[in-house]
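A.B. asks: after the sequence you'll find the predicted model.
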Amino acid sequence: MDSSTLVSDSLSWEQVKEEIAKAFSTENVDIDHVKALLSAYKSNKDDWIRFAYFDKYKYTRNLVDDGNERYNILILCWGEGLGSSIHDHASSHCFMKILDGELKETRYSWPVKTADEIQPMKQTYEHNMTTNDVAYISDTIGLHRVENTSHTDPAVSLHVYCPPIRMCKAFEERTGQSYTCNVTFYSKAGTRVPVL
């Protein structure tokens, strides 16, 4: 039986968080089921606005739920014209739902390592996502970049990572060279993290 058929047509914010916790209570991740859970929630700004902290110079990662160390739920806020680097997910599943606005996802294949040749990253897929669209990526699919291409409207997205993402590799598009980045949070549970 397809587990996605077991999902209600409509879930509230609290229900979708509860169902995500259940979905990650075992070792096996049913990708289609989690995507169906996220699709069943229809974005309502009143549900998530308290977690949505923006910064005019960079996109922000705002921790909503630490998932008892089995997964985490984040709200990412994308100011006008802001985007991520090309990055991996450190062997985590990455589910993404657009809560407000529009985002562009561009996927890339893993760079080919050669001894003395620098090669640019190879783009494999690109699509625009609007409010309530859901996407999924993992390292087996490849790498991606997410960006708000609008210069007038911000965007907000919900991300679920299993296991929780703590670090990732970012890639330079022209050379394929990578560097390791720690994943930090701009806020946790609706409270701004102090700047040190």
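C.D. replies: Arrived safely, thanks for sending.
A.B. asks: and Thr5, what pLDDT?
C.D. replies: Looking at Thr5, its pLDDT reads 43.
A.B. asks: poorly predicted segments of this structure, please.
C.D. replies: Low-confidence segments of the chain (pLDDT under 70): 1-6, 116.
A.B. asks: report the contact partners of the residue nearest the centre of it.
C.D. replies: With distances taken as Cα atoms, centre = their mean, His159 lies nearest the centre of the chain, 3.8 Å away. The contact partners of His159, by Cβ atoms under 8 Å, 6 or more residues apart in numbering, come to 73-76, 94-96. Just so you know, the C-beta spots here come from the backbone N, C-alpha and C atoms, and that holds for glycine as well.
A.B. asks: farthest-apart pair in the residues you listed, please.
C.D. replies: Spatial extent of the contacts of His159 (Cβ to Cβ) is set by the pair Ile75 and Cys94 at 14.1 Å.
A.B. asks: where exactly do the strands run in this protein?
C.D. replies: Listed in chain order, the strands of the chain (DSSP state E) span 60-65, 72-78, 86-87, 93-100, 102-108, 123-130, 134-137, 143-147, 155-162, 167-171, 178-182, 187-188, 191-192.
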